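Enquirer: Give me the fold of what follows.
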Amino acid sequence: TSPSITSSYIGAHIESGTFNFYDGIIKGKYEDSTGYSISGTVSDKPTGYDVQKTVSGSTETAILVSIYNYGEYNGSTLVNRYETLAEAFSGATSGNTIKPLKNNIEDESASNPTVASGKTLTLGLNGKTVTMSKTITNNGTLTISGSGKITASGVHTISNYGTFTKSGTSTIENTADDKYVIYSEGTVTISAGTVSSTNYRAISNHGTLTVSGGTVSATGLAIYNVGTGSTTSSPAVKVSGGTVTSSDSQAIYHNSTGLVYLTGGTVSQTGSNAVVYNKSTGAIKVSGGTISGTGAPCIRNCTTGSVTVTSGTLTSSSGTGIYNDSTGTITVSGGTITGTNGIYNNGSGATITVTGGTLYASTYHGISDEGGATITLGDNDGSVSTTSPSITGTNYGVRIVSGGTFNFYDGIIKGKYESNTGYSISGTVSDT
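Expert: This next block holds a predicted model:
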């Protein structure tokens, strides 16, 4: 861009002598299929660069472009150049950074770009767009940083079997209807930027996934988890910041024995599916952040799995806060849960314990049991609180069908009152 040389006729006119072109942009007229940005011979230019001339209307522009697609940097020092990303990953020294030198569409005949086991590399996108025809395979340690975009369609954009980190403002994208942005059997951390699937699922996690910032978005599942990490210090999935969102499917689909641990950030679904779906026998724990849904539950617990809420905000504008389908366990000790029902149980033998927090039903019942669960409010410790937990229903506060057990030890329950009939509790209180 600098220096900038522009003429209404010839940008740089060299009849004899020496013309060295190292920086800048040169513009001249274009007419009768002839360009006049440079007239004469370029004597010298930077190693690895050539003159590129382009035409727009009646103007021809000359700039210098790299004849290589990628540079390898040790700090700010350029140490090597490569034609393909595969060559760059193979040839680069561990600890260095690979940067695209221009927008690039990777040739389908190029080798699969692979970070070898034991090697540590950074791919700094450098404001450029790289379109992949082969998946980027990481067996070592790979960080994608900077601004720009890396996109793929016919393959997973990233296949991770090592340690992968996404930082910076850049976007990693996949536009296929059957490929992931990130398929991982290793460790993935998303700390900034965007991971986006425009037609399918964003991340398939078979190892460990942490989202601490940035945005993970998809039309399908934003996160599909089969990872089995089951402790809060090493869960299969942890969301501590950023945004995880799906437009047409679940934001998080948990299909394992592991733990999905939500401590911050926002997890949302803008269609008619549950935001977080606990399909198998694993656990969902919420200790902070926001879960936001529209036409379905914030959390749906489908089998013998468990849901624990200690803090945070769960809100569904036209769906239930927490929906339990089977013999699972729901435990709430804090936070705010708002939905058409606060908690809805349809499973026989389920256990629902609420010792704190606020449940509010915008349409129906604070807690509704249709399956015959054991529901306990508070702790039977001899000390009674009349304020916590707080259960409010637009219709019933707590609704218990025949076959269920309702133990009421602490809290306040509110329901509607009309025609001389109160609806705070429907059903029998088993123990106080």
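
Enquirer: Tell me if residue 130 really is in a helix.
Expert: No - checked against DSSP: H, G, I helix; E, B strand; the rest coil, residue 130 lies outside a helix; its state is strand.

Enquirer: what pairs with it across the strands?
Expert: Judged by DSSP bridges, the bridge partners of residue 130 are residue 104, residue 150.

Enquirer: Could you tell me how far it is located from residue 170?
Expert: Counting by C-beta to C-beta, to the nearest Å, the separation of residue 130 from residue 170 is 10 Å. C-beta here means a position set from N, CA and C on the backbone, and glycine is covered the same way.

Enquirer: which of these two has more neighbours?
Expert: Higher neighbour count among residue 130 and residue 170: residue 170, with 27 against 24, using other C-beta atoms under 10 Å.

Enquirer: just checking, that one touches residue 157?
Expert: No - the criterion here is C-beta atoms under 8 Å, and residue 170 misses it with residue 157 at 11.9 Å.

Enquirer: Now do the shared contacts for those two.
Expert: Counting by C-beta atoms under 8 Å, 6 or more residues apart in numbering, the contacts common to residue 170 and residue 157 are residue 150.

Enquirer: need the helix or strand of the protein with the lowest average pLDDT.
Expert: strand 421-422 (a mean of 86; mean pLDDT, DSSP states H and E).

Enquirer: C-terminal to that strand, what's the next element?
Expert: Downstream of strand 421-422, the first helix or strand assigned by DSSP states H and E is strand 425-426.

Enquirer: for that following strand, the distance to its chain's centre please.
Expert: Its chain's C-alpha centre and that of strand 425-426 lie 41 Å apart, by C-alpha atoms, centre = their mean, to the nearest Å.

Enquirer: do stretch 55-69 as well
Expert: Distance of stretch 55-69 from the chain centroid (C-alpha atoms, centre = their mean) equals 37 Å.

Enquirer: and if you look at stretch 120-135?
Expert: 19 Å.

Enquirer: do stretch 307-327 as well
Expert: With C-alpha atoms, centre = their mean as the basis, stretch 307-327 stands 21 Å off its chain's centre.

Enquirer: Where does pLDDT dip in the stretch 301-432 of the chain?
Expert: For the stretch 301-432 of the chain, no stretch has pLDDT under 70.

Enquirer: got the buried residues for stretch 119-128?
Expert: Within stretch 119-128, the residues that count as buried by 16 or more other C-beta atoms under 10 Å are 119, 120, 121, 122, 123, 124, 125, 126, 128.

Enquirer: ok, of those residues, which one's closest to residue 41?
Expert: When the buried residues of stretch 119-128 are compared for distance to residue 41 (C-beta to C-beta), residue 128 wins out at 30.2 Å.

Enquirer: Please tell me how far that closest one sits from residue 100.
Expert: Counting by C-beta to C-beta, the gap from residue 128 to residue 100 is 4 Å.

Enquirer: which residues does the closest residue to residue 255 other than its chain neighbours contact?
Expert: Distances taken as C-beta to C-beta, 6 or more residues apart in numbering place residue 279 nearest to residue 255, at 4.6 Å, with adjacent residues excluded. Residues near residue 279 by C-beta under 8 Å, 6+ apart: 253, 254, 255, 302, 303, 305.

Enquirer: can you check residue 96 too?
Expert: Counted by C-beta under 8 Å, 6+ apart, residue 96 has contacts 72, 73, 74, 79, 121, 122.

Enquirer: Residue 104 versus that one, what's the distance?
Expert: 19 Å.

Enquirer: before we move on, what about residue 127?
Expert: Residue 127 sits 12 Å away from residue 104, going by C-beta to C-beta.

Enquirer: And for residue 431?
Expert: Applying C-beta to C-beta, the value for residue 431 to residue 104 is 69 Å.

Enquirer: Of those two, give the one with the bigger neighbour count.
Expert: Taking other C-beta under 10 Å, residue 431 and residue 104 do not tie; residue 104 has more neighbours (18 against 10).

Enquirer: The more buried one against residue 130, yeah?
Expert: Yes - in this structure, residue 104 is within contact of residue 130 by C-beta under 8 Å, at 5.3 Å.

Enquirer: could you pull out the helices for the protein?
Expert: Here the chain has its helices, by DSSP state H, at 85-91.

Enquirer: Contact partners for the residue most central in space within it?
Expert: For the chain, residue 216 is the residue whose C-alpha lies nearest the centre (C-alpha atoms, centre = their mean; 1.8 Å). Residue 216 makes contacts with 190, 194, 195, 196, 202, 203, 222, 223, 242, 243, 244, 245, as judged by C-beta under 8 Å, 6+ apart.

Enquirer: What score does the fourth one have for pLDDT?
Expert: Put plainly, it is residue 196. The model reports residue 196 with a pLDDT of 98.

Enquirer: cool, the first one as well?
Expert: According to the model's per-residue confidence, residue 190 sits at a pLDDT of 98.

Enquirer: For burial, what's the neighbour tally of it?
Expert: Neighbours of residue 190 under the rule other C-beta under 10 Å: 28.

Enquirer: cool, and the second one?
Expert: Residue 194 sits with 20 neighbouring residues when counted by other C-beta under 10 Å.

Enquirer: Excluding chain neighbours, what is closest to it?
Expert: Spatial nearest neighbour of residue 194, excluding adjacent residues (C-beta to C-beta, 6+ apart): residue 171 at 4.3 Å.

Enquirer: The one you found pairs with what?
Expert: Counting by DSSP bridges, residue 171 forms beta bridges with residue 149, residue 194.

Enquirer: Tell me if I'm right that residue 129 and residue 149 touch.
Expert: Yes - with contact defined as C-beta under 8 Å, residue 129 reaches residue 149; the gap is 4.6 Å.

Enquirer: Which member of the buried residues of stretch 119-128 is positioned nearest residue 33?
Expert: Nearest to residue 33 among these, with distances taken as C-beta to C-beta, is residue 128, at 31.2 Å.

Enquirer: okay but that closest one is in contact with residue 85, surely?
Expert: No - assessed by C-beta under 8 Å, residue 128 is found out of contact with residue 85, at 11.7 Å.

Enquirer: ok, residue 313 touching residue 290?
Expert: Yes - with contact defined as C-beta under 8 Å, residue 313 counts as touching residue 290 (4.8 Å).
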